[in-house]
Structures are given as C-alpha cells and as structure tokens.
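>>> Following is a predicted model, sequence given first.
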Amino acid sequence: MINMLVKKELALYFRNLNNIFLPLVFFFLIISIFPLVLGPEKNLFDKIIPGIIWITAILTTILTSNNFFKDDFNNGIIEIYLTSDMSVELVLFLKIISCWFFTCFPILIFIPLVSLLFSIPFQNSMVILLTLFIGTPVLISIGIFGSALTLGLAKNNILTPVIIIPFYIPVLIFSASAIEAVSTGLPFEMQIYILAALLILVLPIMPYLLKYTLGLSINN
Amino acid sequence: MNISKIANLKFFYTNTRKISYYMSFFVMILFIIGIYWGLFIAPEDYLQGDSYRIMYMHVPAAWLSLQTYMVMAITGFIALVWKIKIMEIISIQCAPIGALFTIIALVTGMVWGKPTWGTYWVWDARLTSELILLFLYIGVMVLYASINDKRQAVKITSLLAIIGLINIPIIHYSVEWWNTLHQGPTVTKFDKPSAHTTMLYPLLYMFIVFNIYFITVIIKRVRLGIYAREKNSKWMEEYTDD
C-alpha cells in the first residue's frame, strides 16, 4: 500500500515536470533580480548574499507548500486517508519528504552555481548549502502545516504566508548567523547544531500535528 | 458554585451585564489613581529624568501582551480538548485585546526610545520579538476572520495559538541571541532590586490594574461573542425583549 502511494507521489511529480522546474526557475529569477535593484557592487553582495539566498528560499518554499493539500482535498483523497486503517502519519511524512525532495533539493544542487555567480568562497558556499539542507525541511513542514490550517478556505493565497512566516524566524536567524560566522572566520558549529535540533524537533512531530489539523479542517 | 453553570453561555450572559457595567467605571478610577501615582508621586529617575515614567504604561502592557497570548492558548487548549463553548469564545476574544496591548507596548516603547536612545526604533531583541508577537496575533485574527463557520474557525485558531505558544520561547530566545542591545530586566531581579520601591510599587499597581482591565474587557467581549453566536436562540430573544 505504502509502495503504491510512493509510486503515485513520484508519478505525480514526474508526470508534470513543471513541479520540479518551476521552483528552481523561480529561485534563480528572484536571485537575479537583486543585482538589478541594488546595483552590481561586489562588496555589497559579499555582505548580503546569504540573506538574499535565504529570503529567496523562503519565498520558494511558501509558494510550493501553499496549496499543498488542495488537489488531494478536492479529490477527496484526504478523507480516504483519514478514514482508512493505514498509517496516515507515514503517508503525511512521505508527502513532506517528497515535497522537499522535488522542490528544495534541486535548489540545493544549484547552490554552487549561485556561488559562482556571486563569487562566494568555497567554504562559505558549503555552509550556505548545509544550512539550506537542514533548514528547508523545517520550512517546508511549517508551510505544509499552514496549508493544512487554511485547507477549507476558497482563497488563501496570501493568508497562509501571513500566518506562518513568524514561525520561520528561528530557522532564519540561526542560518543567517551561521553563514555570517563562517564569512567572518568564527566557529559556526553551534548554529548548525541548533538548526539540526529544530529539524529533529519539527520533523517527527509534524505528521501527527498534520493529521490532527487535517481532521479539524475537514470536519466542518 | 458549579463550574459548568458558569460556563453555561446563558448563565454567563444574563449574569455579567451589571458586573461588566460597574467594572468599567471601577477600572477607570483605578487607572486615574495609577497614572497620578506614576506621573506625580513617584520620584524622578536620576539617569533618565521624567521620561522613564512612560514605563508605567509600557511595562504592564508588554507583560499583558504575553500573558494574553498564554490565556488565549490555554483556553484554546481547553476548548479543543473538553469542547467547552465559553472557552472557545474567550480564546478568540483574547486576540484583539492582546494585539492592543502589543501595540501599546510598541508605541510607548518608541516614544520612550526617542529621548533615551535618540531614535524611535532599534532592531533589538525585545522590540523585535514584541513585533513578531503582534504578527502572531494578527495571524490568529485574520485566520478567524476568513473562515465562515465560526465554531470551526475557533478550533483552528486555537490550534494555531497553541503552536504559537510553543514557538514563542523559541522565537524569543533566538531573537534575544541574535541581538541584545536593550537594558537588562530591572524588575525581576528581586534579590538586588535596581529600581527603588517607590518606583516599583506604582508599577506593580499598574500591572494589577491592567489585569483588572483585561478581565473587564474580556467579559464585555465574551458577552458580544455570546450574543453573536446565540442571537437566534430562544433564550436570547426572550432576554433581549425584556
């Protein structure tokens, strides 16, 4: 049963390759708008590029997780999940992981290219990659939670981000400070550990929380 | 008295009309006393002069802004678990009051910051986490407003408030860790108080007055919430006809 669900998820992503490419293109589009607005001075970008990358990652995760349950809700699949005797938590966990894998992982692969464009030193770009690798699953999980909260609403395009962006702040702070620490030559391990702790806190709880939230949202 | 009787919407609505009416006058008098005490009787600060006196509004408002969020989340939890109707109404009615306290704390903090720091706004830890608290309140309010079925809406906002309550310490400490410019807490250090008792007593008095104000306003707002929910029921029509 779980095998079939995984296959279904994979098929859904691969059948419409836009799902994978569009977040990536969006990411590059937003990144390349910043030099146009701020001017191409190198000193400035050395300072602010980690922030730019993280803000762009936030925008991308918001847009990809915004209507996460919409199709399943309209199909009625979520009711079937919730009433069936299989482990809904496992299904939701797999859905989170697959959403992260197909929307954030491509971005991670292209971080070295972004580093080339903005001439970020190798070590710094590795730390940016590490913070994104640990941080984006948290962001995706929180975003999916937001989309579960606003599931029953007809129009929720800007409502979900308004609700969930405050919850993004701890991840942002520690990621940005890890990158800042490495670029000034300070130790950055502590921030990475805290990020990992946030990941370990959020990821196992989220499927249970999502199941409860979906139950509340559907039960109207 | 039986708790379930107080929690009964009809009992609450019909018995709090006079109490809420008199309490609003009572709170107004208490406020006037507290403001007189803080502005005229309390001694001048040797460092900040008279500008510190705004703390008699600022500090209780900041405390209450956090406390209101806790009340909102705890009553929301009770509403979710035990399905007590009045707790649902209390939980959601806390949000606008808490947002008001947050705005008061932010605005008075900015007014105090101009003579003390030389600028209205500094991106320091406490100001920033207070601002984020305002956004959390706004999130609860917009989510409530956008769901048509209000009983359903309260369940979802309660869940959001509970998650927010877990998240507030994480946000607070991460923001604090991010930047600390603010002067250290002066009240909680009871072993060696850095504020003199003649300054401290009006502050504690104002804290109590703010709490009474909170209770008064929450009773009024819960009455409105009960009216909005029960306006078509039979007892409400009978009661309002009288």
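Structure's in. What do you need? On a predicted model such as this, the values are computed, not experimentally measured, just so you know. Numbers count the residues shown, from 1 in each chain, chains lettered A, B, ... in the order given.
>>> I'd like to know how far B:Gly164 sits from B:Val27.
For B:Gly164, the distance to B:Val27 (C-beta to C-beta, to the nearest Å) stands at 28 Å. Quick note: C-beta positions are derived from backbone N, CA and C, even for glycine.
>>> How about A:Leu10?
Applying C-beta to C-beta to A:Leu10 and B:Val27 gives a distance of 62 Å.
>>> If you count surrounding residues, which of these two has more?
B:Val27 (18 against 13; other C-beta atoms under 10 Å in any protein chain shown).
>>> Which helix or strand contains the closest residue to A:Leu172 other than its chain neighbours?
Closest residue to A:Leu172 apart from its sequence neighbours, by C-beta to C-beta, 6 or more residues apart in numbering or on different chains: A:Trp54 at 6.1 Å. Using DSSP states H and E, A:Trp54 sits in helix A:42-65.
>>> Just give the nearest non-adjacent residue to the one residue sitting closest to the centre of chain A, would you?
Centroid check for chain A by C-alpha atoms, centre = their mean gives A:Ile140 as the closest residue, at 3.4 Å. Of all residues not flanking A:Ile140 in the chain, A:Trp100 sits nearest, at 4.7 Å (C-beta to C-beta, 6+ apart).
>>> give me the number of residues near the one you found?
The number of residues packed near A:Trp100 is 22, by other C-beta under 10 Å.
>>> and after the helix holding A:Trp54, which helix or strand comes next?
helix A:70-75.
>>> Next secondary structure after that following helix?
Assigned by DSSP H and E, the successor of helix A:70-75 is helix A:77-83.
>>> average pLDDT for that next one?
Helix A:77-83 carries an average pLDDT of 84.
>>> which residues are contacting it?
A:69, A:72, A:88, A:91, A:211, A:214-215, A:218 (C-beta atoms under 8 Å, 6 or more residues apart in numbering or on different chains).
>>> So which bits of chain B are right by chain A?
B:132, B:135-136, B:138-139, B:142-143, B:146-147, B:149, B:152, B:155-156, B:159-160, B:163-164, B:167, B:170-171, B:174-175, B:177-178 (C-beta under 8 Å from any C-beta of the partner chain).
>>> how about a cut-off of 6 Å?
B:132, B:135-136, B:139, B:143, B:146, B:149, B:152, B:155-156, B:167, B:170-171, B:174, B:178 (C-beta under 6 Å from any C-beta of the partner chain).
>>> Only whichever of those residues are buried, select them in PyMOL.
To isolate the buried members of the residues of chain B next to chain A in PyMOL, using 16 or more other C-beta atoms under 10 Å in any protein chain shown:
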select buried, chain B and resi 132+135+136+139+143+146+155+156+167+170+171+174+178
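>>> Just name the lowest-scoring one in the residues of chain B next to chain A, pLDDT-wise.
B:Trp178 (70).
>>> for the closest residue to B:Gly76 other than its chain neighbours, phi and psi?
Spatial nearest neighbour of B:Gly76, chain neighbours left out: B:Ser158 (2.9 Å); criterion: C-beta to C-beta, 6+ apart. Backbone geometry at B:Ser158, expressed as degrees, to the nearest 10, gives phi -60, psi -40.
>>> Find the nearest non-adjacent residue to A:Leu210, please.
Closest residue to A:Leu210 apart from its sequence neighbours, by C-beta to C-beta, 6+ apart: A:Leu92 at 4.8 Å.
>>> any idea how far the one you found lies from A:Ile205?
Using C-beta to C-beta, A:Leu92 is found at 11 Å from A:Ile205.
>>> Settle it for me: which of the two has more neighbours?
Each of A:Leu92 and A:Ile205 has its neighbours counted (other C-beta under 10 Å); A:Leu92 has more, 23 against 14.
>>> Is that one in contact with A:Tyr212, as I believe?
No: with contact defined as C-beta atoms under 6 Å, A:Leu92 does not reach A:Tyr212; the gap is 10.7 Å.
>>> Run through who's touching stretch A:171-179.
A:50, A:54, A:127-128, A:131, A:135, A:138, A:188, A:191-192, A:194-195, B:174, B:178 (C-beta atoms under 6 Å, 6 or more residues apart in numbering or on different chains).
>>> Return the set of buried residues in it.
A:171-179.
>>> Return the residues of chain A in contact with chain B.
Near chain B, when you scan chain A using C-beta under 6 Å from any C-beta, you find A:149, A:153, A:159, A:162-163, A:166-167, A:169-170, A:173, A:216, A:220.
>>> could these be laid out in CSV, adding secondary structure and pLDDT?
Below are the residues of chain A next to chain B laid out as CSV (DSSP: H, G, I helix; E, B strand; the rest coil; pLDDT from 0 to 100):
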residue, secondary structure, pLDDT
A:Leu149, helix, 88
A:Leu153, coil, 79
A:Leu159, helix, 87
A:Val162, helix, 89
A:Ile163, helix, 90
A:Pro166, helix, 90
A:Phe167, helix, 91
A:Ile169, helix, 87
A:Pro170, helix, 87
A:Ile173, helix, 85
A:Leu216, helix, 86
A:Asn220, coil, 53
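>>> Any of the residues you listed buried? List them.
For these, buried by 16+ other C-beta under 10 Å: A:149, A:153, A:159, A:163, A:166-167, A:169-170, A:173, A:216.
>>> residue ranges of the helices in the chain, please?
Using chain A. Taking DSSP state H as the test, the helices found in chain A are A:2-15, A:18-38, A:42-65, A:70-75, A:77-83, A:88-103, A:105-109, A:111-117, A:122-149, A:159-183, A:189-218.
>>> actually it's chain B I care about, not the one you picked
Going by DSSP H, chain B shows helices at B:3-7, B:9-15, B:17-36, B:55-82, B:85-117, B:125-146, B:150-178, B:197-230, B:234-241.
>>> And for residue 23, the neighbour number?
Just so you know, I chose chain A. 21.
>>> My question was about chain B, not that one.
Around B:Met23 there are 18 residues (other C-beta under 10 Å).
>>> Skip the chain neighbours and tell me the closest residue to it.
In space, B:Met23 is closest to B:Thr216, 4.4 Å off (C-beta to C-beta, 6+ apart).
>>> again with A:Phe34
A:Phe34 sits nearest to A:Ile52 (C-beta to C-beta, 6+ apart), 5.1 Å away.
>>> Same check on A:Ser141?
A:Ser141 sits nearest to A:Met206 (C-beta to C-beta, 6+ apart), 4.4 Å away.
>>> Just give the closest residue to B:Leu127, not the sequence neighbours.
With sequence-adjacent residues excluded and distances taken as C-beta to C-beta, 6+ apart, B:Leu127 is closest to B:Gly109, at 6.3 Å.
>>> what bits of chain B have low per-residue confidence?
Chain B contains residues with pLDDT under 70 at B:1-7, B:45-49, B:179-195, B:242.
>>> now with 90?
Counting by pLDDT under 90, chain B has low-confidence residues at B:1-21, B:23-24, B:31, B:34-59, B:82-88, B:109-130, B:146-155, B:166-205, B:225-242.
>>> Might you report the residue contacts of residue 24?
With no chain named, the answer covers chain A. Contacts of A:Leu24 (C-beta under 6 Å, 6+ apart): A:Pro106.
>>> my bad, the chain I had in mind was chain B
Listed by C-beta under 6 Å, 6+ apart, the contact partners of B:Ser24 are B:Thr216.
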